[in-house]
Every structure is written in structure tokens, then in C-alpha cells.
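**Q** generate coordinates for the sequence data below:
(2 chains)
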Amino acid sequence: MNRFWGLALLLSLFVTACAAPRMAGLSARRGGPSLYPANFRAQHHVTITAGGRQVTFTGYLLVQQSTWRALAFSEFGVSLFDVTASPGKGIRVVKSIGMPSSYLTGPAADIIEILFLPPQAGDQVLPGGRLQVIRRGTVYDITYSDYAAFPGSEQKIPKHILLENKKTGFRLQADLLKFEPMDIPEKYFE
Amino acid sequence: MKKSLVLLIAFLFLIGGRASAKGDPTQELSPGPKKEFLIQLEKNLQASRTIQAKFTQEKHLTLFNDTLVSRGLFAFAAPDRLRWEITQPFHSLLVMNGRGVAKYDFPDGQNPHKLQFPAADALNAVLNQIVDIHQGKFEEEEKSYDIEIVKGETVIMTLIPKDPKMKRIISRIEVGFSKALDSVVSVVIRESGDNWTRIVFEDNQRNVQLPDSLFSIQ
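**A** Next up, the predicted model:
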């Protein structure tokens, strides 16, 4: 009966199975060099693989310094989740279709911050431009590639991202569809 | 003084009433005419044994003053074969063939790669709903939705979820039909909050020969 609901719920159960729920907080950032400007909005086509199965969605991301908001949409445009985080208010789930808050505020938030915010102390740059980071005991290997220039950005931006947790077989690939360096109004994070 | 004020108010009501009647000549069908209308609409839509169209999907993020646009191709062959191919800004393909459903991406930009999708039944249900709407199977939809029909210059059918949980996610789905009432020209999915998605079908070709390969699942 609830067809969109069912699809989203199954997506969430699938993603949740990929990592144990853990609570996350906004860590203090070292403010090291970042691949991205401090303020931007971006749209990605995301494919997550776990246990040999894949789910895809469109990701929409707003970043203003350490404050961010991430949304995901299905093929037919239906919102799957909407999460926002700021140093003062922590991580907050604005909307989720059946996806556990603990997953969104935990592993999902970790991954967003690993990929798009400046690196933390202890994050390692490996040969070939790869990055290895550990968050709450989970090791992630990240490869950024296919860099391209975008209007308004002084640095080139990776059009392809691969994040892997080799222990569990979890894999996230993000292909950049749209990138705009811009100041994001504060009201967008409320 | 009082008389002139009453006249002024009456005048404003008349003007307002006329303006409203002229600008919004719509009519919501009551249950009797609605049932007859749905029967006729189903008959019209089911005359299309195949449909091929381009679509544009706009995801309106009202809060962020932004719109995400994707484009693609839609094909349908009665009774139960459907192809939903997004070509821009990324390439993705959904195919339903009877009870089978498959999803592909194109990692090298050309060759399809079949995804092992974990929720095939749910995806099949979503694609079946698209088929139901294009084929006018509204009795099926009435199990899950309250249906309202508004006739104006065009006909808009509104599907309102009966399940409160579903309604918290999708408040309504609005289906627009061609003037000849023989095809679907638009679908608007309104979510709770301000976000909504509009899918517009263009270059609708009905009853053209479609190759079986369009719907093959390998």
C-alpha cells in the first residue's frame, strides 16, 4: 500500500545494516587544508554498495564552514532524509523516511564530514592522493579523482569520490553533478 | 452614507465574484459524475497499448530557492512493461517486465551495469503505480488514496494518501491529463513541507511499435 514508504524503508534498513549505529558529535576541527571551499552547495549521484547490493540516490549538500545540511532524494524526487549539523546545535534529523536517527547522526554524519569538511588531526594522506581516516574505530579509505574547475572556486573540485570500509565491504561512490561555491544563508540550516 | 457603503461592498463582491469566476473556472466533481468520469478516463487511457515520451523532472526545494532538474525517456507497453531512463544529469535505468524489475547504472558512460537492488518488490510496486496511472486503473489506486477530480481548462486528478504515515511523507499526488483525456501529461508529487516534484511528459507517442529490447532484463 505505501509504495514510496516501503521503498525508502527498505533502503534505510539496507543502509543501516552496513554499519552499527553510533552516536556522533561535532568534533573540534583542526582547520587543515580542505579539498573544498569553506562555503558551497553541491549535488551528487550517490551509489552505496554493501553485502554485494547497491542503492542509489541523489544527494544535496549545503556547507557553511562547519555547519552543513544533507538531503537525499529517490529517482522520483521523494525525500529520503534531511540532516543538519552546526557546532552550536549538534546534529539534527529534520526528516527521515524510516531511517533510524542514530544512523543518520552517527555513521552517515561521520561520512559527510570526512568527505566534505577539512581533515582532522590523525587523518592520513596515503600515496596516490588517497586518504585514510578512522572515526570511532571504523577505518575509511577515500579516493578523490577526476578534478575539474568550477566557476567561483579557486581550487579544482573532485568529480568522483570513492569511500570504502574494507573490513565490512561498505563502499560509497559519489559523482558530482553540480557545484556552486557560495555563502549559504543561515536560515537554510534552521 | 450607510447606503453608499453597502453599495460599495456589494459592488466589490460582484467584481470579486466575477473576477474569481473568470480566472478560476474549475469544478470539482461530486461522487456520481466522478465515477462516470473515471470510467471514461480509464477507457481513453487504456486505448494506448504503448506509450513513449520524454520527461523532465523538477525537484523544487522551496526552502533553498533551488531546483534540481533531470531528464529522461519513458516507455510503456501494456499490460506490464515499463522503462524509466534518466539521461541527464546522470544516466540510470529502471526496467519492469511483468514481475521482473531491474536497475542499471552506466559506470563507463555507455554500457549498462545491472545493480543488485535490495528492494525489488518495493521498486516493482512503485513502477506498477506509474503503470496504473497511465492505464487509468484508478480502482486500484482508490484502495490507497482518496481521489479528487477538478475539471478546468485541463483535468487534474489529486490522489491523497489514506494512510496517515504515508501522508506525512507525501501529502498529495496531482496527475494532469491531456485535453483529449487520452494521456498523462504531468505528475506533481507534493511532500509534507514545501518540497515538491513535477514530472512533465512531452512528445507523447501512443501506440507506436516499441522493440522488445527496450524492456529486456538481462
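
**Q** all helices for chain B, in order.
**A** Assigned by DSSP state H, chain B shows helices spanning B:2-23, B:31-46, B:120-135, B:138-142, B:164-169.

**Q** so which residues of the chain form strands?
**A** You didn't pick a chain, so chain A it is. Ranges of strands within chain A are A:39-50, A:53-64, A:67-73, A:79-86, A:90-96, A:124-126, A:130-135, A:138-148, A:157-165, A:170-181, based on DSSP state E.

**Q** was after chain B, sorry
**A** For chain B, the strands defined by DSSP E occupy B:27-28, B:50-61, B:66-77, B:81-88, B:92-97, B:100-105, B:113-115, B:145-151, B:155-161, B:170-177, B:184-191, B:196-206.

**Q** reformat the ones you listed as TSV; add mean pLDDT, distance to chain A and mean neighbour count.
**A** From N, CA and C alone the C-beta is placed, and that goes for glycine too. Converted to TSV, these look like this (pLDDT from 0 to 100; distance: least, CB to the nearest CB, whole Å; neighbours: other CB atoms under 10 Å in any protein chain shown):
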stretch	mean pLDDT	distance to chain A	mean neighbour count
strand B:27-28	82	25	12
strand B:50-61	96	4	19
strand B:66-77	96	6	18
strand B:81-88	96	7	19
strand B:92-97	95	7	21
strand B:100-105	92	7	20
strand B:113-115	93	4	15
strand B:145-151	93	10	17
strand B:155-161	94	8	20
strand B:170-177	94	6	19
strand B:184-191	94	6	20
strand B:196-206	95	3	17
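
**Q** out of the ones you listed, which is closest to B:Lys43?
**A** Across the strands of chain B, B:Lys43 has its closest neighbour in strand B:170-177 (13.1 Å, CB to CB).

**Q** centre of the chain to stretch A:144-164, how far?
**A** Stretch A:144-164 sits 15 Å away from the centroid of its parent chain (CA atoms, centre = their mean, to the nearest Å).

**Q** which residues sit against it?
**A** Identification of contacts with stretch A:144-164 by CB atoms under 8 Å, 6 or more residues apart in numbering or on different chains yields A:35-37, A:40, A:44, A:111, A:114-115, A:129, A:131, A:140-143, A:170-176, A:179-182.

**Q** just the CA trace of it, in PDB.
**A** As requested, the backbone C-alpha atoms of stretch A:144-164 are provided in PDB (Å, rounded to 0.1, in the frame of the first residue of the first chain):
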ATOM      1  CA  TYR A 144      39.100  11.700  -4.700                       C
ATOM      2  CA  SER A 145      39.600  11.800  -8.500                       C
ATOM      3  CA  ASP A 146      38.600  13.500 -11.800                       C
ATOM      4  CA  TYR A 147      39.300  17.000 -10.600                       C
ATOM      5  CA  ALA A 148      37.600  19.900 -12.500                       C
ATOM      6  CA  ALA A 149      37.400  23.600 -12.400                       C
ATOM      7  CA  PHE A 150      34.200  25.200 -11.400                       C
ATOM      8  CA  PRO A 151      33.200  28.900 -11.700                       C
ATOM      9  CA  GLY A 152      33.900  30.800  -8.500                       C
ATOM     10  CA  SER A 153      36.200  28.200  -7.000                       C
ATOM     11  CA  GLU A 154      39.900  28.800  -6.700                       C
ATOM     12  CA  GLN A 155      40.700  25.100  -6.400                       C
ATOM     13  CA  LYS A 156      39.700  22.200  -8.600                       C
ATOM     14  CA  ILE A 157      37.000  20.000  -7.200                       C
ATOM     15  CA  PRO A 158      36.900  16.200  -7.400                       C
ATOM     16  CA  LYS A 159      34.100  15.000  -9.600                       C
ATOM     17  CA  HIS A 160      34.300  11.400  -8.300                       C
ATOM     18  CA  ILE A 161      34.700  10.200  -4.700                       C
ATOM     19  CA  LEU A 162      35.200   6.600  -3.500                       C
ATOM     20  CA  LEU A 163      34.900   5.800   0.200                       C
ATOM     21  CA  GLU A 164      35.400   2.300   1.400                       C
END
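
**Q** now that stretch: average pLDDT?
**A** For stretch A:144-164, mean pLDDT is 94.

**Q** and for stretch A:82-90?
**A** Mean pLDDT, stretch A:82-90: 93.

**Q** just the buried residues of it, please?
**A** Buried positions in stretch A:82-90, judged by neighbour count with 16 or more other CB atoms under 10 Å in any protein chain shown: A:Asp82, A:Val83, A:Thr84, A:Ala85, A:Ser86.

**Q** residues in contact with A:His44?
**A** So A:His44 contacts A:Thr58, A:Gly59, A:Leu61, A:Ile161, A:Ala174, A:Asp175, A:Leu176, A:Leu177 (CB under 8 Å, 6+ apart).
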